[in-house]
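A.B. asks: Below: sequence and its predicted model.
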Amino acid sequence: MTDVRTAGGPTPEPTQERTLHLGWALVLISMAQLMVVLDASIANIALPFIGDDLNIDQANLTWIVTGYALAFGGLLLLGGRLGDLYGRRRIFMIGLVVFAVASLLGGFAQNEALLLGSRGLQGLGAALASPAALALITTTFPAGPPRNRAFAVYAAMSGAGAAVGLILGGWLTGLDPLLGLEGWRWTFLINVPIGLVAAFLAPRFLNESESHPGQLDIPGAITGTLGLLGLVYGFSRAGEEAHGWGDTWTIASLAAGVVLLAIFAIIESRVKHPLLPVRVFANRTRATSFLVMALVPAAMFAMFYFLSLFIQLVVGYSPLRAGFAFLPFSIGIVFGAALSSNLVNRINPRYIAGVGTIMAVGALVGFSMLEVPTSTEALLAVTPDNPLGADVNYWTAIFPFIMLMSVGMGMVFVPLTLTAVHHLRAEDSGIGSGVLNTMQQVGGALGLAILGTVSLHYAEGTKSALAGDLVARGIPPVDAGRLAFLGSFTEGASAAFLVGAGLIAIGSVAIWAFLNVKHEELATDGPEGEVHVG
């Protein structure tokens, strides 16, 4: 039986009841985090089916994904601070209920407006629940091995959520109508019982934090939220082929986001109770953790995006088979998280996270070496039974690098999550968690925008040349464009993987240079002023 007593932390009674309390607390927090993360990807595979059923055109269909990301990323700072001010358990429960209700609305939506509105409401619920969940780990579990193990589970849920979402989305979408409801609707409805049960049980297994009502920084909340919305929307729009970086609304959104965040920074430096206290960034190790946790998801989310398209469009996998192709990622990240949670008790976080980033760089370089035939003759031979990437062997060309990437990510997320929120003042735990989540969301949006642009740039020349050759061979322009896209996609994706490797390499340099907190410090609690970074 686990002894939850640790030097420097609270000393609860070593009874079975208390151990079960911590165990169930972790189950509830992990369920909520997995639900929030997988919902970013679970609907992706269902998009064509949703479009057909609700008559949503292709341009608006992307808002099913973007709407969730916008609300989630834009409201995270506010959600984290609300937990600090009004009680983290209360905000956690409210977030779960909002998420469940929004999922119910989405599952029964009969038109585009209700579905898109439900996705935005899901994003609000996620922005309330996710930072509160991370802060609850910090305040519920004593420092040392118990907290390290809890963070390992949290990190595994965060990292594996995208892969689980692809698998679950593929399976649910492929179901025959169940209880008279199409399969895609169950990608939303599955959240309803999970969210409601977790919210109902939260008072039984989670303690409430102190509340400080009346201290909400309203001007900061407005400018900070709108600024983040502007950045996330701008980056998301920049990553879409139909718009790009030169689009008027992309530029306007990014410019407005930067201006609003500058105003937000001025407000925060002057108000008595800021939404985002500057002291959160004062610790060098914590600031480094925030930076790296923006760079790493930027590459990881893009890896999921390009590799899932490659597996489906070029290699010819069905959506469900593509989802299962990512199953090893879930297994690997759980293994990496468990390994690092044990190592962090004996080895400084710098070495664990540093090695993890090197592994991830190696994996992305490996993905960049994927090759398929790109000749006109090869494209002319493409059929549903003979995809362009028919000769790509999953077990030798893809699987080893999925495992390398996933284990590396597990070794990065656990120590960096620990160092990002450790030794925060009690009243700042929620906003610290909100900043960490915001960095991941904004980093992911920025990564997709940058790497999407890189991919398009490197593929464009090849695509144009192939399309011209195919038209000259008598292929109709529409079919020629589709085949040329397939022929050029791998080249663009390879360039994107290499740039992603570069982003993680920058994060790795930052870790080795600046992340110098000792592992002994992670086994203690105390005010920030007592942190000794050597």
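C.D. replies: Structure received.

A.B. asks: the bottom helix or strand of this structure by mean pLDDT?
C.D. replies: Scoring the helices and strands of the chain by mean pLDDT, DSSP states H and E places helix 58-61 at the bottom, with a mean of 72.

A.B. asks: Tell me the helices and strands packed up against the following helix or strand past that one.
C.D. replies: As assigned by DSSP states H and E, the chain's next helix or strand after helix 58-61 is helix 63-86. With contacts taken as 3 or more CB pairs under 8 Å, 6 or more residues apart in numbering; DSSP states H and E, helix 63-86 sits against helix 47-54, helix 88-107, helix 112-140, helix 218-238, helix 429-472. C-betas here are computed from N, CA, C, even on glycine.

A.B. asks: let's see it at 7 Å
C.D. replies: Judged by 3 or more CB pairs under 7 Å, 6 or more residues apart in numbering; DSSP states H and E, helix 63-86 is in contact with helix 88-107, helix 112-140, helix 218-238, helix 429-472.

A.B. asks: Turn those helices into JSON lines, including mean pLDDT.
C.D. replies: Shown next, in JSON lines, are these (pLDDT from 0 to 100):
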{"stretch": "helix 88-107", "mean pLDDT": "95"}
{"stretch": "helix 112-140", "mean pLDDT": "91"}
{"stretch": "helix 218-238", "mean pLDDT": "89"}
{"stretch": "helix 429-472", "mean pLDDT": "87"}
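
A.B. asks: want to try CSV for these, with mean neighbour count and distance to Asn516 as columns?
C.D. replies: Shown next, in CSV, are the helices and strands packed on helix 63-86 (neighbours: other CB atoms under 10 Å; distance: least, CB to CB, whole Å):
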stretch, mean neighbour count, distance to Asn516
helix 88-107, 24, 30
helix 112-140, 25, 21
helix 218-238, 22, 30
helix 429-472, 22, 19
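
A.B. asks: Pull the number of nearby residues for the spatially closest residue to Asn345 that is not a sequence neighbour.
C.D. replies: For Asn345, ignoring the flanking residues on the chain, the nearest one in space by CB to CB, 6 or more residues apart in numbering is Pro145 at 5.7 Å. The number of residues packed near Pro145 is 19, by other CB atoms under 10 Å.

A.B. asks: Residue numbering should commence at 720 henceforth.
C.D. replies: Understood, numbering begins at 720; the last thing we discussed is Pro864.

A.B. asks: Can you report phi and psi for Arg1005?
C.D. replies: phi -70, psi -40 (degrees, to the nearest 10).

A.B. asks: Count the residues that sit near the residue lying closest to it once chain neighbours are set aside.
C.D. replies: Counting by CB to CB, 6+ apart, the nearest residue to Arg1005 once its immediate chain neighbours are dropped is Ala1139, at 5.8 Å. The tally of other residues near Ala1139 (other CB under 10 Å) stands at 25.

A.B. asks: wait, what's in contact with Ala1139?
C.D. replies: Going by CB atoms under 7 Å, 6 or more residues apart in numbering, Ala1139 touches 1005, 1008-1009, 1012, 1151, 1155.

A.B. asks: Identify the farthest-apart pair in those.
C.D. replies: For the contacts of Ala1139, the farthest-apart pair by CB to CB is Met1012 and Gly1151; their separation is 11.8 Å.

A.B. asks: Does the residue nearest to Asn1064 touch Arg1065 like I think?
C.D. replies: No. Pro864 is beyond contact range of Arg1065, at 10.5 Å (criterion: CB atoms under 7 Å).

A.B. asks: What's the mean pLDDT across stretch 962-977?
C.D. replies: The average pLDDT within stretch 962-977 is 91.

A.B. asks: Need the residues that contact that stretch.
C.D. replies: In contact with stretch 962-977 (CB under 7 Å, 6+ apart) are residues 946, 949-950, 952-953, 956-957, 1172.

A.B. asks: gap between Gly799 and Leu853?
C.D. replies: 9 Å (CB to CB, to the nearest Å).

A.B. asks: which residues touch the residue nearest to Ser1213 when sequence neighbours are not counted?
C.D. replies: Spatially, and ignoring its direct neighbours in sequence, Ser1213 is nearest to Ser1087 (4.4 Å; CB to CB, 6+ apart). Counting by CB under 7 Å, 6+ apart, Ser1087 makes contact with 1213, 1216-1217.
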